[in-house]
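Enquirer: only the shape, not the letters, is given here:
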């Protein structure tokens, strides 16, 4: 049955384009479609101003039904996205479903880069992180810290959450889009002499002499580093009153410690 719906105004959840966008709320959908959703007025502005959009092309702009026409016209000029074919207005309920952060502001649908594999791992340059984090908010927050202190490469172990998850993007304030991600597809990758792990059985971080170039392995909260992923070189952060730190907090302390040890006055 043919729909009478305008191609630029979408009110049905059965619309083919909407079903694709809705699938981007899941890891499976993002991987299948090669797309992700980006939200937040400042995040979108930075995405355009810092030319991150050249790495992740904008395929569509989704607009809530009651969004000001004048404000949208001003945004089109500011963003440099004048083509009317990019814009789709969504019924309020449909837009709310995609706008998981409740911004009531247009969303970008962006093309994600092809996943980098373990074959692209080289000798570490500066500090690189190896993360098993399964919580997207933790992933985003730690990536934000990493980027703030010069980390460029993040390696994700099997089972780690998708850094393009809306919560990860929001927690990182879009910072995950500026990092280079490499995905481990199996447990066959083993740490080497350039690899260090945060673990209780290690050198006190206060006495540790950080190499300039290394990979730092973080354990998942509650279980630490799995045996197969346990580097021989280990560092621990001494604490009192608690058994362990949140993985994001521990990682942030280590990132700052490395940065401070190599700062140039």
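Expert: That came in fine, so what should we check first? Bear in mind that the values here come from a model prediction, so they are computed numbers and not experimental data.
Enquirer: would you mind measuring from residue 11 to residue 90?
Expert: Noted for residue 11: a distance of 8 Å to residue 90, by Cβ to Cβ, to the nearest Å. Every residue, glycine included, has its C-beta placed from N, CA and C.
Enquirer: out of those two, which sits in the busier spot?
Expert: residue 90 (25 against 16; other Cβ atoms under 10 Å).
Enquirer: with adjacent residues omitted, what lies nearest to the more buried one?
Expert: The shortest distance from residue 90 to any non-neighbouring residue, by Cβ to Cβ, 6 or more residues apart in numbering, is to residue 10 (5.2 Å).
Enquirer: any chance you could map the helices in the stretch 101-250 of the chain?
Expert: In the stretch 101-250 of the chain, the segments counted as helices under DSSP state H, counting those that start in this stretch are 136-148, 166-171, 247-261.
Enquirer: could I get these as TSV with distance to residue 77, mean neighbour count and mean pLDDT?
Expert: Below are the helices of the stretch 101-250 of the chain laid out as TSV (distance: least, Cβ to Cβ, whole Å; neighbours: other Cβ atoms under 10 Å; pLDDT from 0 to 100):
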stretch	distance to residue 77	mean neighbour count	mean pLDDT
helix 136-148	29	23	95
helix 166-171	25	22	94
helix 247-261	38	19	93
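Enquirer: residue ranges for the strands of the stretch 151-265 of the chain, please.
Expert: 153-156, 180-183, 195-204, 214-217, 233-236 (DSSP state E, counting those that start in this stretch).
Enquirer: so what's the nearest residue to residue 127 once chain neighbours are set aside up against?
Expert: In this structure, residue 127 finds its nearest non-sequential neighbour in residue 258, 5.0 Å apart by Cβ to Cβ, 6+ apart. Listed by Cβ atoms under 8 Å, 6 or more residues apart in numbering, the contact partners of residue 258 are 127, 149, 210, 214, 216.
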